[in-house]
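Student: below is the structure, and that's it, no one-letter string:
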């Protein structure tokens, strides 16, 4: 007897429906075709043990299973439940008159219990799009899939429960859809608040500008100045994610099985990879590509501490994704594209000793040593970083102050107001939400300069020998500064402040 049931394969961050055809006929043998990987081929043994331990069995006949489309590679153990239900239906051990109404996915343990799977959210979105009535999956993944309206999500604990469901012996209530609620003001982590930062008012101003416009930022300063502490507090002032941002971010984390609490992500990701990371782990890759750190930080922050300690070739592969805000990983037979619209926040010491060329420092480095150390970071990469800021050591009188600084909550309110202006400005432009995403054409349209501003910018370009990309970066930052002041026009004072945040372009650094 021939039976068709449906599963799903995740390709990139999108799902593709897989038709599983199971035919049970006279003879002996178990034949699995349709480009399955080793994990799927091994499923025969898991399925046999799980069925046997729950009072069922694989029929002693010739079983042929085809997973279509046959040219798409299927991988992972998530098809265990799909194949086992198909075998039971084809051998008439269950009725299943409405099997074709469901997407069925789940990994089997030998006792028949269901283990969580990856890519739940993309699969649920695809199931709804193609008109399936329900999604049967492990209970651990149910909340993640339940964010999709218009799709019944049935959480199952073991294969016996699934069999009873199709035989009409047991009822399973679908998980209720949870309405999306953005991260509220009270959800800011108290452990990481800007009120705990002593001094560093200029740096905090830079971080507010970076958060308001989504700008890349690099912090340069001696050890103990607070670079890492400041960077870890940046997420506390970022605006809450919209529903579209939350869905796209959760899809990426779902593909690699890193969704927290098995539900929709409401807080922006903060990724902090070690400097020994490989290029494949950073941008994504592998024989069957998976998203890297730049994609896992999509709509959030990627923090690279001690930037010169990263291998140069690893950093260079970020150049194109930082511009395009997506990365395409090509293999011989296919290519996968992952989104990677992230804020890059980097920190570094100015020299091998960690200190500026200062005779009063505990350890000092010559100008030549500083230049050699800073040259580990390529000019094209620094060009793609909007804001460069020096972080100086905090004097004792500032450290010993009992008065707390401005809280993250107050800073965040200003950031949200600036982002709302940008949302209105770019409301008719697809995939553009904040100033850092503007193209050159948009910069010309939304950053009109008066004669004084043009003259100031021209002088800075000639004096600092800035590139065309640095020119665009200055205008983007100036636009954000104007937004924070709720000013429609970009004035000379905004240009002047933006130019100050290009420390590494000034003479004496390179």
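Tutor: Yep, it's here. Remember, predicted model here, so these are calculated numbers, not experimental data.
Student: tell me the contacts of residue 34?
Tutor: Residues near residue 34 by CB atoms under 8 Å, 6 or more residues apart in numbering: 65-70, 74. Glycine gets a C-beta too; all of them are placed from N, C-alpha and C.
Student: for the residue nearest to residue 76 when sequence neighbours are not counted, I want the exact helix or strand it lies within.
Tutor: Using CB to CB, 6 or more residues apart in numbering and skipping the chain neighbours, the partner closest in space to residue 76 is residue 39 (5.5 Å). Assigned by DSSP states H and E, residue 39 belongs to helix 38-41.
Student: tell me the buried residues in the next helix or strand after that helix?
Tutor: Per DSSP H and E, the first helix or strand lying C-terminal to helix 38-41 is helix 43-52. By neighbour count on 16 or more other CB atoms under 10 Å, the buried set for helix 43-52 is 43-44, 46-48, 50-51.
Student: for helix 43-52, packing partners?
Tutor: In terms of contacts (3 or more CB pairs under 8 Å, 6 or more residues apart in numbering; DSSP states H and E), helix 43-52 is packed against helix 80-90, strand 107-108.
Student: let me see the mean pLDDT of it.
Tutor: Here helix 43-52 scores 94 as its mean pLDDT.
Student: for the chain, which element, helix or strand, carries the lowest mean pLDDT?
Tutor: In the chain, no helix or strand scores lower on mean pLDDT, DSSP states H and E than helix 396-399, which sits at a mean of 75.
Student: and the closest residue to residue 348 other than its chain neighbours, what does it touch?
Tutor: Nearest non-adjacent residue to residue 348, counting by CB to CB, 6+ apart: residue 307, 4.3 Å away. The neighbours of residue 307, taking CB under 8 Å, 6+ apart as the test, are 218, 315, 346-348, 377.
Student: if we use 10 Å, what do you get?
Tutor: 218-220, 275, 315, 344, 346-349, 374, 376-377, 381-382, 385 (CB atoms under 10 Å, 6 or more residues apart in numbering).
Student: again with residue 241
Tutor: 180, 182-183, 247-250, 264-269, 299-300.
Student: what's it sitting at in phi/psi?
Tutor: Main-chain torsions, residue 241, degrees, to the nearest 10: phi -80, psi 140.
Student: mind checking how far the residue lying closest to residue 378 once chain neighbours are set aside is from residue 295?
Tutor: Nearest residue to residue 378, sequence neighbours excluded (CB to CB, 6+ apart): residue 316, at 6.5 Å. Separation of residue 316 from residue 295 (CB to CB, to the nearest Å) stands at 18 Å.
Student: higher neighbour count, these two?
Tutor: Between residue 316 and residue 295, residue 295 has the larger neighbour count (other CB atoms under 10 Å), namely 31 against 13.
Student: surely the more buried one meets residue 13?
Tutor: Yes. Between residue 295 and residue 13 a contact is recorded at 8.3 Å, counting by CB atoms under 10 Å.
Student: intersection of neighbour lists for these two?
Tutor: 252-253, 255, 337-339.
Student: any idea how far the helix or strand harbouring residue 218 is from the middle of the chain?
Tutor: In this structure, residue 218 sits in strand 217-220 according to DSSP H and E. A distance of 22 Å separates the C-alpha centroid of strand 217-220 from that of its chain, computed with CA atoms, centre = their mean, to the nearest Å.
Student: then stretch 75-85?
Tutor: Worked out by CA atoms, centre = their mean, stretch 75-85 lies 27 Å from the chain centre.
Student: now do the buried residues in it.
Tutor: 76-85.
Student: can you lay out those residues as CSV showing distance to residue 198?
Tutor: Converted to CSV, these look like this (distance: CB to CB, whole Å):
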residue, distance to residue 198
76, 49
77, 51
78, 50
79, 56
80, 55
81, 56
82, 57
83, 60
84, 61
85, 61
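Student: of all those, which comes closest to residue 367?
Tutor: residue 76 (54.8 Å; CB to CB).
Student: surely that closest one meets residue 117?
Tutor: Yes. Residue 76 lies in contact with residue 117 (CB under 10 Å); the separation is 7.4 Å.
Student: shared neighbours of these two, which are they?
Tutor: With CB under 10 Å, 6+ apart, residue 76 and residue 117 have common neighbours 10, 105, 107, 257.
Student: helix/strand/coil for the first one?
Tutor: With DSSP: H, G, I helix; E, B strand; the rest coil as the basis, the three-state label of residue 10 is strand.
Student: show me what contacts residue 383?
Tutor: Residue 383 sits in contact with 319, 322, 466-470, 472-473, 504-505, where contact means CB under 10 Å, 6+ apart.
Student: which residue packs closest to it, ignoring adjacent ones?
Tutor: Residue 383 sits nearest to residue 469 (CB to CB, 6+ apart), 4.6 Å away.
Student: same question, residue 475
Tutor: residue 447 (4.5 Å).
Student: now do residue 13
Tutor: Per CB to CB, 6+ apart, closest to residue 13 is residue 251, 4.6 Å.
Student: thinking again about what came up before, which of the shared contacts of residue 76 and residue 117 sits closest to residue 92?
Tutor: Distances from residue 92 to those, taken by CB to CB, are shortest for residue 105, at 23.0 Å.
Student: report the contact partners of the closest one.
Tutor: 6-8, 18, 76, 78-82, 114, 117-120, 123-124, 127, 135-138, 141, 145.
Student: and if we set it to 8 Å?
Tutor: Per CB under 8 Å, 6+ apart, neighbours of residue 105: 7-8, 78-79, 81-82, 117, 123, 135-137.
Student: which of those residues sit farthest apart?
Tutor: So, the contacts of residue 105 by CB to CB: farthest apart are 79 and 135, at 14.5 Å.
Student: about what we covered before: from residue 376, how far out is the residue nearest to residue 378?
Tutor: 11 Å.
Student: what's the helix or strand for residue 59?
Tutor: Using DSSP H and E, residue 59 falls outside every helix and strand.
Student: where does it fall, phi/psi-wise?
Tutor: Dihedral angles (degrees, to the nearest 10) for residue 59: phi -60, psi 140.
Student: swap in the one 3 residues further on?
Tutor: Summarising the backbone geometry of residue 62 under the convention degrees, to the nearest 10, its torsions are phi -80, psi 120.
Student: quick check: closest non-adjacent residue to it.
Tutor: Nearest one to residue 62, counting by CB to CB, 6+ apart, is residue 27 at 3.4 Å.
Student: so, low pLDDT: which residues of the stretch 51-200 of the chain?
Tutor: Applying pLDDT under 70 to the stretch 51-200 of the chain flags residues 178-191.
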